[in-house]
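Trainee: got a structure for you, letters missing:
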Ligand code: ADP
Ligand code: MG
């Protein structure tokens, strides 16, 4: 298989990940109640539901305009840190897409690198701070390594997902240096970061969708 994502496929992926997020209400709310203020699921779910209800507007746009619009919708709908951070991620990634009508694997890597940089710049955080960055960073790192090693598209996607999963799991033992978990007495040690988990869901949903479509 060769990865070639159209904007129609991207919107189908948005539907898939929305279903996944919607179904994890209790788990994500519990994690954010322990390490933060308990609203991370509400924030993420609201954002994805907004994207679903905006589908007819989004499908009229070019790929890069669609990404920009997704970023703006998330920023204006989602409260909390995650709204601003995901908004910045999509807006930054939009400029990588340029005139492309199809995202192949090389461009997908650039898109995710741009998302990572957008989030790190906006939130002034880095890998190891126990945030959504940890799953994304580790995923992108494995993605890049697999591309450099000339792995097949399928192997690259699997590496991306496995890296993201590892990054998510690693947040369990991290002490938070950013976000609300920093203000908890134990800095969240012993619990996964909710933002790292929902970031992983998005990468997992994309990879699973691409591997089966
Ligand atoms: P808030 O923390 O404002 O209530 P959310 O609950 O929606 O917002 O999101 C919390 C998640 O946001 C955290 O679990 C963490 O992954 C992420 N996060 C918080 N601050 C930052 C930051 N400065 N940089 C990157 N991610 C962050
Ligand atoms: Mg919160």
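Mentor: Received it, and whenever you're ready, just let me know what you need. The structure displayed is predicted, hence computed values, not measured ones. Ligands and ions are numbered 1, 2, ... in the order given.
Trainee: hey, let's count contacts and neighbours off CA atoms from now on
Mentor: OK.
Trainee: how about whichever strand or helix holds residue 51: buried residues?
Mentor: If you go by DSSP states H and E, residue 51 is part of helix 40-53. For helix 40-53, the buried set under the neighbour-count rule, 16 or more other C-alpha atoms under 10 Å, comprises 40-52.
Trainee: tell me what it is packed against?
Mentor: In terms of contact count using 3 or more C-alpha pairs under 8 Å, 6 or more residues apart in numbering; DSSP states H and E, helix 40-53 is assigned the packing partners helix 7-23, helix 25-35, helix 63-77, helix 80-97.
Trainee: in the helix or strand harbouring residue 57, what's buried?
Mentor: Using DSSP H and E, residue 57 sits within helix 55-58. Residues of helix 55-58 classed as buried by neighbour count (16+ other C-alpha under 10 Å): 55, 58.
Trainee: ok, now stretch 77-87?
Mentor: Applying a neighbour-count criterion of 16+ other C-alpha under 10 Å, one finds 77, 78, 79, 81, 82, 83, 84, 85, 86, 87 buried in stretch 77-87.
Trainee: Could you identify the least confident member of those residues?
Mentor: Looking at those by pLDDT, the weakest one is residue 79, with 82.
Trainee: For the nearest residue to that residue once chain neighbours are set aside, give its distance to residue 212.
Mentor: By the measure of C-alpha to C-alpha, 6 or more residues apart in numbering, the closest residue to residue 79 outside its immediate chain neighbours is residue 43, 6.0 Å from it. Using C-alpha to C-alpha, to the nearest Å, residue 43 is found at 29 Å from residue 212.
Trainee: Checking whatever residue is furthest in space from the centre of the chain next. Helix, strand or coil?
Mentor: Among the C-alpha atoms of the chain, the one farthest from their average position, using C-alpha atoms, centre = their mean, is that of residue 185, at 27.7 Å. Residue 185 falls in the coil class when you classify it by DSSP: H, G, I helix; E, B strand; the rest coil.
Trainee: phi, psi of it?
Mentor: The phi and psi torsions at residue 185 (degrees, to the nearest 10) take the values phi -60, psi -40.
Trainee: Which residues of the protein lie near ligand 2?
Mentor: Taking C-alpha under 5 Å from the ion as the measure of proximity, the chain contacts ligand 2 at 37, 39, 40.
Trainee: The first one: how many residues sit nearby?
Mentor: By other C-alpha atoms under 10 Å, the residues close to residue 37 number 14.
Trainee: Run through the residues that contact it.
Mentor: When contacts are counted by C-alpha atoms under 8 Å, 6 or more residues apart in numbering, residue 37 touches residue 180.
Trainee: Let the chain start at 53 from now.
Mentor: Yep, numbering from 53; the last one is residue 89 now.
Trainee: hang on, it in a helix?
Mentor: No. The assignment for residue 89 is coil, going by three-state DSSP, so no helix is present there.
Trainee: Could you check how far it is from residue 180?
Mentor: Noted for residue 89: a distance of 21 Å to residue 180, by C-alpha to C-alpha.
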